[in-house]
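Trainee: structure for the following, please:
(2 chains)
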Amino acid sequence: MATETRTRSVVPKGTLYRGREGMWSWVAHRITGLLIFVFLLVHVLDTSLVRVAPEAYNVVIETYKNPVVGLGEAGLVGAVLFHAFNGIRVMLVDFWSGGPKYHRQMLWAVGALWVLLMVPFLVRHLSHVFGG
Amino acid sequence: MAAPLLEAPRSTPYRRSTSRRSNYEMYSWLFMRLSGAVLAVLVIGHLFVNLMVGDGINGLDFGFVAGKWASPFWQVWDLAMLWLAMIHGSNGVRTIINDYTQRDTTRMVLKTLLAVALVFTVVLGTLVIFTFEPCPVGPDGALLTGAPSFCAG
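Mentor: Numbering: from 1, shown residues only, chains lettered A, B, ... in the order given. Predicted coordinates for the structure are as follows:
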């Protein structure tokens, strides 16, 4: 009689693909891109009010000058900066021979550059928004 | 005896070259990278001038826009930004629609809406930049309220 071999039960890790830096930067690039596009449509529409009357434009722009929209603007700038720097990273991955090898390090560089520009921007912008 | 004449293999009616295929998606891919590089400069410059210089967000009003568009430099800058950003963004959203829609009808409807938004926004923005009047006057010939102070001088 053969001894029953003990089977090791394997707990499935789940079916969600977690592609680390490559996948998450791709996800973030899509989300920021879509957000910026939607904003752009509204931005062209509100700027077009300059063709209606100076007062029409000024009245609408005045309604934007509050903390909620101000924080939204900060988020928008954060999205634009990430999308721009990660876009440059994508171009380097596609066109530079060392790109695919260093794509992780380049994502950290994108993050570092983002923080480096966001800090002075937030100091200035938020003091405009909350400083009156 | 003469050697038998051999026909070139698969001369007709086969066509082994794929040159008839359209390279549309390759050009779309290339456009995203080229326009992206230009947009990075145009958009970051736009944000810097409008949000960091002077009074930042608090300085934005009709007079600010009029002051910028008095110069052909900013007209060309904004026009290039409008066209490149709208085409780049629409092409990106087109990719997202292609990736996630499953029914042909849904895909068709969404892409049609996208095309309408693209044409409408680009035409509207272009007309606004080219027909902009920094010192608009009413029917009575007087400056409209909110016109920038440099108009009076």
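
Trainee: and the residue lying closest to residue A:100 once chain neighbours are set aside, what element?
Mentor: Using C-beta to C-beta, 6 or more residues apart in numbering or on different chains and skipping residues adjacent in sequence, the residue nearest residue A:100 is residue A:93, 5.8 Å away. In this view, the C-beta of every residue, glycine as well, is placed from N, C-alpha and C. Secondary-structure assignment from DSSP states H and E places residue A:93 in helix A:67-95.

Trainee: summarise which helices and strands the next helix or strand after that helix is packed against.
Mentor: Toward the C-terminal end, the helix or strand that comes next after helix A:67-95 (DSSP H and E) is helix A:103-131. With contacts taken as 3 or more C-beta pairs under 8 Å, 6 or more residues apart in numbering or on different chains; DSSP states H and E, helix A:103-131 sits against helix A:20-47, helix A:67-95.

Trainee: mean neighbour count, those: which tops it?
Mentor: Sort those by mean neighbour count, taking mean count of other C-beta atoms under 10 Å in any protein chain shown, and helix A:67-95 sits at the top with a mean of 17.

Trainee: who's in contact with the residue nearest to residue A:100?
Mentor: Taking C-beta atoms under 8 Å, 6 or more residues apart in numbering or on different chains as the contact definition, residue A:93 lies against A:99-100, A:103, A:106.

Trainee: now do it against chain B, distance only.
Mentor: Residue A:93 sits 11 Å away from chain B when distances are taken as C-beta to the nearest C-beta, to the nearest Å.

Trainee: per-residue confidence for that residue?
Mentor: The pLDDT attached to residue A:93 in the predicted structure is 95.

Trainee: for the spatially closest residue to residue A:71 that is not a sequence neighbour, what are its contacts?
Mentor: The shortest distance from residue A:71 to any residue that is not its chain neighbour, by C-beta to C-beta, 6+ apart, is 7.4 Å, and that residue is residue A:129. Neighbouring residues of residue A:129 by C-beta under 8 Å, 6+ apart: A:67, A:70-71, A:73-74, B:57.

Trainee: residue of chain A nearest chain B, please.
Mentor: Distances from chain A to chain B, computed as C-beta to the nearest C-beta, single out residue A:54 as the nearest residue at 3.1 Å.

Trainee: test my guess that that residue contacts residue B:144.
Mentor: Yes: between residue A:54 and residue B:144 a contact is recorded at 5.6 Å, counting by C-beta atoms under 8 Å.

Trainee: taking chain B, what residue is nearest to chain A?
Mentor: Using C-beta to the nearest C-beta, the point where chain B gets nearest to chain A is residue B:146, with a distance of 3.1 Å.

Trainee: all strands of chain B, in order?
Mentor: Taking DSSP state E as the criterion, chain B carries no strands.

Trainee: which residues touch the residue nearest in space to the middle of it?
Mentor: Taking C-alpha atoms, centre = their mean, the centroid of chain B lies closest to residue B:83, which sits 2.7 Å from it. When the contact criterion is C-beta under 8 Å, 6+ apart, the partners of residue B:83 are B:122, B:126.

Trainee: figure out how far stretch B:131-150 is from the centre of its chain.
Mentor: Counting by C-alpha atoms, centre = their mean, to the nearest Å, stretch B:131-150 is centred 30 Å from the centre of its parent chain.

Trainee: what is the burial count for residue B:63?
Mentor: Applying the criterion other C-beta atoms under 10 Å in any protein chain shown, we find 19 residues in the vicinity of residue B:63.

Trainee: which secondary element of chain A has the worst mean pLDDT?
Mentor: Taking mean pLDDT, DSSP states H and E as the measure, the helices and strands of chain A show their lowest mean at helix A:54-64, namely a mean of 92.
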